[in-house]
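Visitor: Here you go, sequence then predicted model.
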Amino acid sequence: MDDLKNIQIPKFAEEILERAGRQGFTASCDRLTGSLLRVLVMSKPGASILELGTGTGYSTSWIVEGMDHNSRLVTVEFDAESALVAKDVLGHDERIEFIIDDGGKYIEDHLNEKFDIIFADTWPGKFYLVEETLNMINPNGIYIIDDLNPQSNWPEGHGDKVQELIAYLETKTEFHLAKLDWSTGIIMMTRK
């Protein structure tokens, strides 16, 4: 099976990638992760979704394509220049709230807010404030992270941080956990 064959790319994804390339932004998720996000979002009508790490909006475009008209997305990005691409291309969609701020600050300021899906694609919510982020997930809600398999651009010692994160997530008995050695390496967790 060719898992990249016949993947339908979201309407605005190519434009986002082109603009990201001009900026030198290379941290977007890949097509496989994007396609998984779209499917997961489609499985949760009326979902409340949090994306930590908008980047230039490539993963956001996949999430949005999976959303129904009653779903809402809050997407948080620290880098204003990157977030501007996402907002320029996708900002017409009233279901999206773009927040340009530190993801850690967002988590700390919204500890009592609950989401059906959280995609943590940056340090806050993934490598720190993890417990706080997991507490923001509704029953039957999904937490998803990627980039867990070794990457050529990882800084020295990052592999150890990834292994510590995986070991920590494996202790979370209030969640079901699935590790996917696929795409860039994914963990999905669902609150029991």
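Guide: Structure received. Numbering: from 1, shown residues only.
Visitor: Is D116 in contact with S48, as I believe?
Guide: Yes: using C-beta atoms under 8 Å, D116 makes contact with S48 at a distance of 5.2 Å. Glycine gets a C-beta too; all of them are placed from N, C-alpha and C.
Visitor: Spit out the residues that contact those two alike.
Guide: Contact criterion C-beta atoms under 8 Å, 6 or more residues apart in numbering; residues shared by D116 and S48: N138.
Visitor: Could you pull out the strands in this protein for me?
Guide: For the chain, the strands defined by DSSP state E occupy 48-52, 72-77, 96-100, 115-120, 137-145, 175-180, 186-191.
Visitor: Which parts of this structure are helices?
Guide: Using DSSP state H, the helices of the chain run over 13-23, 31-42, 58-66, 80-90, 103-109, 130-134, 158-169.
Visitor: between the first one and helix 58-66, how many degrees?
Guide: Just to be clear, that refers to helix 13-23. 170 degrees (axes from the mean of the first three to the mean of the last three C-alpha atoms, to 10 degrees).
Visitor: looking just at contacts, which helices and strands does helix 13-23 meet?
Guide: Applying 3 or more C-beta pairs under 8 Å, 6 or more residues apart in numbering; DSSP states H and E, one finds that helix 13-23 contacts helix 58-66, helix 80-90.
Visitor: among those, which is the most enclosed?
Guide: helix 58-66 (a mean of 26; mean count of other C-beta atoms under 10 Å).
Visitor: Now find how far off-centre the least confident helix or strand in the chain by mean pLDDT is within its chain.
Guide: Using mean pLDDT, DSSP states H and E, the weakest-scoring helix or strand in the chain turns out to be helix 13-23, at a mean of 86. Centre-to-centre, helix 13-23 and its host chain are 18 Å apart (C-alpha atoms, centre = their mean, to the nearest Å).
Visitor: buried set for that helix?
Guide: Neighbour counts over helix 13-23 (16 or more other C-beta atoms under 10 Å) mark 13, 15-17, 19-20 as buried.
Visitor: hmm, back to that, okay, D116 and S48: which has more neighbours?
Guide: Using other C-beta atoms under 10 Å as the criterion, D116 and S48 rank with D116 on top: 23 against 19.
Visitor: In space, what's closest to that one - neighbours in sequence excluded?
Guide: Distances taken as C-beta to C-beta, 6 or more residues apart in numbering place A47 nearest to D116, at 4.1 Å, with adjacent residues excluded.
Visitor: Same check on G159?
Guide: Spatial nearest neighbour of G159, chain neighbours left out: P150 (6.1 Å); criterion: C-beta to C-beta, 6+ apart.
Visitor: burial count for the one you found?
Guide: Neighbours of P150 using other C-beta under 10 Å come to 11.
Visitor: again, but for D2
Guide: Quick note: D2 (other C-beta under 10 Å) scores 6 neighbours.
Visitor: Okay then, goodbye and thanks.
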